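A.B. asks: I'll drop the sequence and a predicted model, then ask my questions.
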Amino acid sequence: MSKVYGLISGYTPVRTERNRTVVSYDKQAEPDGKHATWHELYFYHKIEGKPDIARIKEAVTADINSRTTERILSSLTWNGKPVWLSKEHQMDWKMTYDRALQTEGENLPQKLKLGEAEDGTPVYHTFTTVKAFGDFTDAWQQHIMQCLADGWEKKDGMDWAPYEPVPAEG
């Protein structure tokens with residue numbers, strides 16, 4: 001799987017080469033109107049055989065799901081700080097926030113590791129009020145829901161017609 005940058009005219013949903021089938025999807029035009037980016041998946045004939053439409057749908061859907069998960073995990077910035085939204089962080093933060101609500105903030109301040117800077121330095125934030133903690137919790141929950149909605153839209157919007165039947169070698 002790879003992301004490709006090229007001329008719009010170079011985009012082909014499916015092309016069969018000598019020993020592999022290349023499936024392209026999610027073409028996004030660049031502002032210049034001549035170039036685009038898209039994702040490509042490779043099916044090697046000796047390993048997996050030539051893909052049928054069911055295999056292509058499965059692979060494209062899995063790739064969209066994987067990209068959605070990666071976006072959830074790594075693309076949130078809150079108050080200028082990078083946030084790593086692992087399942088463990090989500091559970092820990094939600095539990096700590098729920099406790100802050102239950103105790104009306106008696107368990108605060110709470111210092112949480114949000115993620116890491118590009119150089120690997122840990123990024124922390126200390127929550128001193130239930131309100132600030134709630135704002136953070138709302139932000140990461142909204143981020144997750146937006147990422148999921150975008151992934152659903154991408155999958156629901158797929159036009160599978162160009163992928164069936166898979167063209168012969170050419």
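C.D. replies: Arrived safely. Residues are numbered from 1 along each chain as shown.
A.B. asks: Need the pLDDT of the residue located most distally from the centre of the chain.
C.D. replies: The outermost residue of the chain relative to its centre, with distances by C-alpha atoms, centre = their mean, is Glu106 at 36.4 Å. On pLDDT, Glu106 comes in at 96.
A.B. asks: For it, which three-state class applies?
C.D. replies: coil (DSSP: H, G, I helix; E, B strand; the rest coil).
A.B. asks: May I have the phi/psi pair for it?
C.D. replies: With angles defined as degrees, to the nearest 10, Glu106 shows backbone torsions of phi -60, psi -30.
A.B. asks: One more: Pro122?
C.D. replies: The phi/psi pair for Pro122 (degrees, to the nearest 10) is phi -60, psi 140.
A.B. asks: OK, contacts around it?
C.D. replies: When contacts are counted by C-beta atoms under 8 Å, 6 or more residues apart in numbering, Pro122 touches 113, 115-116. C-beta coordinates here come from the backbone N, C-alpha and C atoms, glycine included.
A.B. asks: most surrounded residue in those residues?
C.D. replies: Within those, neighbour counts (other C-beta atoms under 10 Å) peak at Gly115, which reaches 20 neighbours.
A.B. asks: That residue should be in a strand, yeah?
C.D. replies: Yes. If the criterion is three-state DSSP, then Gly115 is within a strand.
A.B. asks: Now name the helix or strand holding the residue nearest the centre of the chain.
C.D. replies: Centrality entry for the chain: nearest residue to the mean C-alpha point is Thr68, 2.5 Å, by C-alpha atoms, centre = their mean. For Thr68, the element it lies in under DSSP states H and E is helix 53-74.
A.B. asks: Now do the domain split for this structure, please.
C.D. replies: The chain breaks down by automatic domain parsing into domains covering 2-51, 74-152.
A.B. asks: among those, which is nearest Asp63?
C.D. replies: domain 2-51 (6.1 Å; C-beta to C-beta).
A.B. asks: Check which residues of the one helix or strand Val23 maps to are buried.
C.D. replies: Assigned by DSSP H and E, Val23 belongs to strand 20-29. Neighbour counts over strand 20-29 (16 or more other C-beta atoms under 10 Å) mark 20-26 as buried.
A.B. asks: For that strand, give the mean pLDDT please.
C.D. replies: Across strand 20-29, pLDDT averages out at 93.
A.B. asks: Which strands or helices does that strand pack on?
C.D. replies: strand 14-16, strand 35-44, helix 53-74 (3 or more C-beta pairs under 8 Å, 6 or more residues apart in numbering; DSSP states H and E).
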